[in-house]
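Engineer: A structural model of the following input is requested.
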Amino acid sequence: MQSDTQSKKTLTAADLAQFTGTERWYRHSINRSILYTEGAQYVAEHGGAYWLLDEIALIQPYDQNVAAEEFQVWTLTVRPDKTATLACDDGNGNVVFSKEIPYTDFPLDTIKLYFANNVIHLPSEY
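Structural biologist: Got it, this is the predicted structure:
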């Protein structure tokens, strides 16, 4: 049985504005070298998006173009038909990885996450 947080995706852009740094770190369950912040945890929990953290963490050791970038900007863009594109760029708009997501119920139209020093975090936490 799902908790209310999991079944009702309550994430809003205003919710994310409260995160400016982190006091707590979480270790990714599969790629143990990756950490993520309170803001990223909030996105995963309230947006039903642990899969998004997985996508970022799991590609790191397997894609040379992604791994070559010390600083990465990950952007999820959700279309009205609930398909999406997940793209990684180098912080200067040069896309180094892109993946089509056939379906998502992620509640925001778009979100950016940063990846630097083996940590996934919100831009406001950088």
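Engineer: hang on, Gly48 in a helix?
Structural biologist: No - secondary structure assignment (DSSP: H, G, I helix; E, B strand; the rest coil) places Gly48 in coil, not in a helix.
Engineer: find the nearest non-adjacent residue to it, please.
Structural biologist: With Cβ to Cβ, 6 or more residues apart in numbering as the criterion, Gly48 has its nearest non-adjacent residue at 5.0 Å, and that residue is Lys9. (Glycine included, C-beta is placed from N, CA and C.)
Engineer: neighbours around the one you found, how many?
Structural biologist: 16 (other Cβ atoms under 10 Å).
Engineer: got it, and Leu58?
Structural biologist: 14.
Engineer: so where does it fall, helix or strand?
Structural biologist: Here Leu58 sits within helix 50-59, counting by DSSP states H and E.
Engineer: pull out the buried positions in that helix.
Structural biologist: By 16 or more other Cβ atoms under 10 Å, the buried positions in helix 50-59 come out as 52-57, 59.
Engineer: tabulate these (JSON lines), appending pLDDT.
Structural biologist: As requested, the buried residues of helix 50-59 are exported to JSON lines (pLDDT from 0 to 100):
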{"residue": "Leu52", "pLDDT": "98"}
{"residue": "Leu53", "pLDDT": "97"}
{"residue": "Asp54", "pLDDT": "97"}
{"residue": "Glu55", "pLDDT": "97"}
{"residue": "Ile56", "pLDDT": "97"}
{"residue": "Ala57", "pLDDT": "97"}
{"residue": "Ile59", "pLDDT": "96"}
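Engineer: now, which of those sits nearest Val78?
Structural biologist: Leu52 (11.0 Å; Cβ to Cβ).
Engineer: wait, the closest one sits on Thr75?
Structural biologist: No - counting by Cβ atoms under 8 Å, Leu52 sits too far from Thr75 to count as a contact (10.9 Å).
Engineer: who's in contact with Ala40?
Structural biologist: 26, 53, 113, 120-122, 125 (Cβ atoms under 8 Å, 6 or more residues apart in numbering).
Engineer: circling back: now do the shared contacts for Leu52 and Thr75.
Structural biologist: Here Leu52 and Thr75 have 86, 111 as joint contacts, going by Cβ under 8 Å, 6+ apart.
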